[in-house]
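Peer 1: no sequence on this one, just coordinates:
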């Protein structure tokens, strides 16, 4: 159940890696690995006190002092733009962007800009951030963009006629839509970046015991919680769950691959709706309009 393991020994000395939501879970373990490889690691996080604590832990575990914290609230387009400007003004290069942060199964909340929270954070925030930083990634090429999706995309649909699910909100339906959006975004982004030296990957990390399920667990009935306890023994740890992200970020054999979907450190065929190029283009155009991207 631990899944694949990234066995690449590649070093990242002199390279810069930005990871969203790197103060906990698989994001933090990914950051530890990147720091152990010698990279400058930027933790882009909403909760700054927690991020500073995580940065201290990452420095201690990796022996790499070049770990910094920067503010990012993916539920705010202004915060995304502010971070992108900060990176451009203060960093010399950006070699790997890891879109890791996410929210799962929350109530019907809205972002600062009025978007449905899961779609806004999981997709729109990362869509804007990536587009704001893509020029920098191109200048640092060969470079990589890695987006953490989920097998939940397999049962998802993009509700173009009700993208914020105002007519029919369901936490699970919303989460599945946002994770499908991650895969479609990566597919379309890879197409647009062909020949630039920037390669793109999306992935399913596995079923992992992290804080991502904080909104799901309280909604379970008692009998569901009882049945779930034995399953917890089979769930991946954050270290195990980070392996596919790390694999997509550093594995040398993937340098010529782009736009594919991975699970357990191997290519996996995504759901048919994640291979729909027309839907990917339509989602891109809609997303660009929603975030005000020219």
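Peer 2: Alright, I've got the coordinates. Given the structure is predicted, the values throughout are model-derived calculations rather than measurements.
Peer 1: contacts and neighbour counts: CA atoms only from here.
Peer 2: Fine.
Peer 1: tell me the contacts of the residue lying closest to residue 63 once chain neighbours are set aside?
Peer 2: Leaving out its chain neighbours, the residue that sits closest to residue 63 by CA to CA, 6 or more residues apart in numbering is residue 36, at 7.1 Å. If you count contacts by CA atoms under 8 Å, 6 or more residues apart in numbering, residue 36 has them with 62-64.
Peer 1: same question, residue 65
Peer 2: Residues near residue 65 by CA under 8 Å, 6+ apart: residue 59.
Peer 1: Show the backbone phi and psi for it.
Peer 2: Dihedral pair for residue 65: phi -80, psi -10, per degrees, to the nearest 10.
Peer 1: let's number from 29 now, not from 1
Peer 2: Sure, I'll start numbering at 29, so the last one becomes residue 93.
Peer 1: quick one: it and residue 161, what's the gap?
Peer 2: Using CA to CA, to the nearest Å, residue 93 is found at 24 Å from residue 161.
Peer 1: which helix in this structure runs the most residues?
Peer 2: Counting residues, the longest helix found in the chain (DSSP state H) is helix 199-220.
Peer 1: Which strands border whichever helix or strand comes after that one, and is each parallel or antiparallel?
Peer 2: Next along the chain after helix 199-220, taking DSSP states H and E as the criterion, comes strand 226-232. According to DSSP bridges, strand 226-232 forms sheet pairs with strand 171-176 (parallel), strand 288-291 (parallel).
Peer 1: neighbours of residue 154, just the number please.
Peer 2: 25 (other CA atoms under 10 Å).
Peer 1: Could you double-check that it sits in contact with residue 102?
Peer 2: Yes: shown here, residue 154 and residue 102 form a contact pair, counting by CA atoms under 8 Å, at 7.2 Å.
Peer 1: tell me the mean pLDDT for the longest helix of the chain?
Peer 2: Averaged over helix 199-220, pLDDT sits at 98.
Peer 1: Show me what counts as buried in that helix.
Peer 2: Neighbour counts over helix 199-220 (16 or more other CA atoms under 10 Å) mark 199-218 as buried.
Peer 1: Repeat that for stretch 90-108.
Peer 2: Residues of stretch 90-108 classed as buried by neighbour count (16+ other CA under 10 Å): 90, 92-108.
Peer 1: quick one: terminal-to-terminal distance for it?
Peer 2: Span of stretch 90-108 from end to end, CA to CA: 28 Å.
Peer 1: Just the strands from this protein, written as ranges.
Peer 2: 44-48, 68-73, 95-99, 124-127, 171-176, 226-232, 288-291, 294-295 (DSSP state E).
Peer 1: How far away from the center of its chain is the longest one?
Peer 2: Spelled out, that is strand 226-232. 10 Å (CA atoms, centre = their mean, to the nearest Å).
Peer 1: what's the angle from it to helix 199-220?
Peer 2: Here the directions of strand 226-232 and helix 199-220 differ by 160 degrees (axes from the mean of the first three to the mean of the last three CA atoms, to 10 degrees).
Peer 1: ok, residues contacting strand 226-232?
Peer 2: Residues contacting strand 226-232 (CA under 8 Å, 6+ apart): 165-166, 169-179, 210-211, 214-215, 217-218, 221, 272-273, 276, 283-292.
Peer 1: now with 6 Å?
Peer 2: Residues outside strand 226-232 that contact it (CA atoms under 6 Å, 6 or more residues apart in numbering): 169-179, 211, 218, 286-291.
Peer 1: and if you look at stretch 102-120?
Peer 2: 100-101, 139-140, 149, 153, 157.
Peer 1: so which of those comes closest to residue 311?
Peer 2: Distance to residue 311, by CA to CA, is smallest for residue 153 among these, at 14.0 Å.
Peer 1: Excluding chain neighbours, give the residue nearest to the closest one in space.
Peer 2: Residue 153 sits nearest to residue 102 (CA to CA, 6+ apart), 4.8 Å away.
Peer 1: Can you give me the pLDDT of the one you found?
Peer 2: 98.
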